[in-house]
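Visitor: need coordinates for the below:
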Amino acid sequence: MKYLLYLFFFLFSTLGYSQDEELQIAKPDSIRKSLREAPKENPKAPHNWYKLYTLSKDTVYVDTSLTVKSDYKYNYLRKDNFGLLPFANDGHTYTTLHYGYNNYKSLPDFGFKAKQFNYLKPDEVQYFSVPTPLTELYFKTVLEQGQSVDAFVTLNTSKNLNFSIAYKGLRSLGKYLNSLSSTGNFRMTSSYVTTNKRYILNSHYVSQDFTNQENGGLLNPQDFESEESQFKDRARIDVLLEDAKAIFKGRRYFVDHSFRINKNEKTNNAIIEHQINYETKSYNFKKAIATDYFGDGFVANNYDDFAKYNSLYNKIGATFSNSSIGKFNVFVENANYNYFYNRFLASDNAVIVPNSVALHLNAFGGKYFYNKGKIRGEALFSKGISKQNFSTLDLTAKYTFDDKNSISAQYQNISKVPDLNYTLYQSSFVNFNWYNNFKNEKINALKVQAKTQWFSAEGQFTLLNDHLYFASNNALDSLASVKPMQYGDAINYLSVKLEKEIKYGKFALDNTILYQQVTQNDAVLNVPKIVTRNTLYFSNHAFKKAMFYQTGFTFQYFTKYYANSYNPLIAEFYTQKTTKIGDFPLIDFFFNARVRQTRIFLKAEHFNSGFTGNKFYSAPNYPYKDFIVRFGLVWNFFQ
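Guide: Just a heads-up that it's a prediction; the model follows:
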């Protein structure tokens, strides 16, 4: 299968290059030639020729400006992580403070969600169109012994054909025992469009691997909270696991292409579309020394749990556009999943826990697009036609008043197939072996968003039925008793988020506040009621305006609540009722500067940790990071 996929990609690359003869007959005003022969007074390409986009065709331009939003995105995930609380070491996992951060889809996933915050999904891969080669380099120091880097280069061999290659890597030893992180995200994309835009191709290959030493949290939290001088060296604090390691890997081959039936683009068009996605994932937990933190084991030591998954997804559709009725799409989907272990569990000559699960899911659906005047809307419906039922209804509408003011709404009704690690799991530990037949999760969500010249607001109401989650069935909430469960009652979740920036001269105060409320009969979905981020900063130019800089403070806070605990054996968070975290401030000082296309970042993170007490936790038993000064840069090259 692997070699067939390589052949598939090779054929499509050949198709792109086979058009060179036609492309060489480009008009004299083509982008590449116009740059070579540009008049001396205007030798550079305009910034809006450097474009990037995802599969949703949300085209934006390469941005080298420095704003407070740039500071929010200068992190391991390379995006604004408001609502996520990182663990002490980079490259590990996150506690989800904002439940609205979750994005539901009806098809199942591999699971092991704690390892997938940095996992690049198909709709997150970026494609490019650039008149000249573009390079971006990201660098940031880590907590100890390592570095965090992200680099990509993209170029158009012609106006029609683009390639990019990128790699994001991190190594950080961490401050606590057995907490090293070593991760890598390799991605390679190609995109092609014929001159008349009749055929369009976007494809990518992504290989990702995340290795984390897992210490299971603190053995005695009072050692951390005591603030005794001997424990200021965090490596002296005892942890639960001193030799455990978890490895998550994924690899994906992806192609999305379309062909317009009519030769020239007209008012009425018919387009054939096809998307194929082949993906493999694996999760491996290893520990050599005997332990009883996960309960009894089938073996005395050398624990080695390994789960593997592959999926093949095909989608074929046709889009029809008409000046009177708009644009609509019909499609069929086929998804095949194989999830397996190299053993099974038997008792009395009967298999209790099998070694694999295979799913073959088919669906049909349609999507309608409306874009006229100030109104833009989409309506998507898909319905499973296989043995296992599932469905998606997704309605969105947006009204744009002007460039600064708009309002949008989205309604989703999803019947989701359970993730595969809820259904089947096998382990060297007796308690962590199960084979379940859960119902589909039912999600109804309404989201309203308003963006104005004065403020931005977002409200969300979600109704959950047959919600799947992990929980401890032990009153002490121990690691050894965690199981997947399905909640039979309804859960109502409400959130309101407000964003407002106030400017006065060269000073500014950027505010984001989130309010959350959950109504449920049992404590299944736990979130903090208030999450806030406030940044007070000063902006100015220096060195005869050769440098622009911003400096200030960022204050973050969330109210105390029963946060989910982390179980490294299954790479999942689980609900608990014994320990609350929160109600502590996180204050950072930053100085950021921009010189030409280079942005420089200097930050004193959590500098208040030394005088506000050691009560700061990312999850029960897992401390948040201490004060540390870090720096780095993002550098763009336009060649």
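
Visitor: all helices of the stretch 101-250 of the chain, in order?
Guide: Secondary structure of the stretch 101-250 of the chain (DSSP state H, counting those that start in this stretch): helices at 221-225.

Visitor: what does the chain give?
Guide: Counting by DSSP state H, the chain has helices at residues 2-17, 20-23, 31-36, 68-73, 221-225, 420-423.

Visitor: those: lowest mean pLDDT?
Guide: Lowest mean pLDDT within these: helix 20-23, a mean of 34.

Visitor: so residue 124 sits against residue 54, correct?
Guide: Yes. In this structure, residue 124 is within contact of residue 54 by Cβ atoms under 8 Å, at 6.8 Å. Quick note: C-beta positions are derived from backbone N, CA and C, even for glycine.

Visitor: which one of these two has more residues nearby?
Guide: Neighbour tally, residue 124 and residue 54, criterion other Cβ atoms under 10 Å: the higher count belongs to residue 54, 15 against 12.

Visitor: surely the more buried one is in contact with residue 128?
Guide: No. In this structure residue 54 lies outside contact range of residue 128 using Cβ under 8 Å: 10.9 Å.

Visitor: just name the shakiest helix or strand of this protein by mean pLDDT.
Guide: Using mean pLDDT, DSSP states H and E, helix 20-23 stands out as the lowest-scoring helix or strand of the chain, at a mean of 34.

Visitor: model confidence score at the nearest residue to residue 489 once chain neighbours are set aside, please.
Guide: Once flanking residues are discounted, residue 489 sits nearest to residue 521: 5.0 Å by Cβ to Cβ, 6 or more residues apart in numbering. On pLDDT, residue 521 comes in at 95.

Visitor: can you check the one 10 residues further on too?
Guide: Confidence at residue 531, expressed as pLDDT, is 98.

Visitor: same question for residue 434.
Guide: 95.

Visitor: do residue 295 as well
Guide: We have a pLDDT of 92 for residue 295.

Visitor: hmm, it is touching residue 429, no?
Guide: Yes. Counting by Cβ under 8 Å, residue 295 does reach residue 429; the two are 5.5 Å apart.

Visitor: mutual contacts of these two, please.
Guide: The contact sets of residue 295 and residue 429 overlap at residue 480 (Cβ atoms under 8 Å, 6 or more residues apart in numbering).

Visitor: give me the more crowded residue out of these two.
Guide: Between residue 295 and residue 429, counted using other Cβ under 10 Å, residue 429 has the larger neighbour count: 24 against 17.

Visitor: name the nearest residue to residue 474, sequence neighbours excluded.
Guide: For residue 474, the spatially nearest residue (Cβ to Cβ, 6+ apart) is residue 481, at 3.7 Å.

Visitor: now do residue 546
Guide: Per Cβ to Cβ, 6+ apart, closest to residue 546 is residue 595, 6.5 Å.

Visitor: equivalent analysis for residue 583, please.
Guide: residue 560 (4.1 Å).

Visitor: hmm, the one you found is touching residue 529, no?
Guide: No. Under the criterion of Cβ under 8 Å, residue 560 is not in contact with residue 529, lying 9.3 Å apart.

Visitor: about what we covered before: next, give phi and psi for the residue nearest to residue 583.
Guide: Main-chain torsions, residue 560, degrees, to the nearest 10: phi -70, psi 140.

Visitor: list the residues that contact the residue nearest the centre of the chain.
Guide: In the chain, the C-alpha nearest the mean C-alpha coordinate belongs to residue 117, at 4.9 Å (Cα atoms, centre = their mean). By Cβ under 8 Å, 6+ apart, the contact set of residue 117 is 77, 84, 93-94.

Visitor: residue 389 and residue 440 touch, don't they?
Guide: Yes. Here residue 389 reaches residue 440: they are 7.1 Å apart, a contact under Cβ under 8 Å.

Visitor: identify the contacts common to the two.
Guide: In contact with both residue 389 and residue 440: residue 415, using Cβ under 8 Å, 6+ apart.

Visitor: compare those two and say which one has the larger neighbour count.
Guide: Under the neighbour definition other Cβ under 10 Å, residue 389 and residue 440 were set side by side, and residue 440 has more, 20 against 14.

Visitor: shouldn't the more buried one be in contact with residue 417?
Guide: Yes. Judged on Cβ under 8 Å, residue 440 makes contact with residue 417 at a distance of 6.0 Å.

Visitor: please identify every residue contacting each of the two.
Guide: residue 390.

Visitor: so where's the chain uncertain?
Guide: 1-43 (pLDDT under 70).

Visitor: give the contact list for residue 76.
Guide: With Cβ under 8 Å, 6+ apart, residue 76 has these contacts: 86, 90-91, 118, 140, 148, 170.

Visitor: try residue 143
Guide: 88-90, 172-175, 625, 628.

Visitor: next, it: phi, psi?
Guide: According to degrees, to the nearest 10, residue 143 has phi -70, psi -40.

Visitor: let me know the distance separating it from residue 371.
Guide: 48 Å (Cβ to Cβ, to the nearest Å).

Visitor: do the same with residue 450
Guide: 20 Å.

Visitor: share the number of residues neighbouring residue 140, please.
Guide: Residue 140 has 20 nearby residues by other Cβ under 10 Å.

Visitor: mind checking how far it is from residue 72?
Guide: 14 Å.

Visitor: I figured residue 180 hits residue 142, correct?
Guide: No. Between residue 180 and residue 142 there is no contact under Cβ under 8 Å: 10.5 Å.

Visitor: so which of the contacts of residue 143 wins on neighbours?
Guide: Counting by other Cβ under 10 Å, top hit in these: residue 174 with 26 neighbours.

Visitor: list the residues that contact that one.
Guide: Residue 174 sits next to 88-89, 143-144, 180-181, 213 when contact means Cβ under 8 Å, 6+ apart.

Visitor: so which of residue 450 and residue 371 has more stuff around it?
Guide: Per other Cβ under 10 Å, whichever of residue 450 and residue 371 has more neighbours is residue 450, with 14 against 11.
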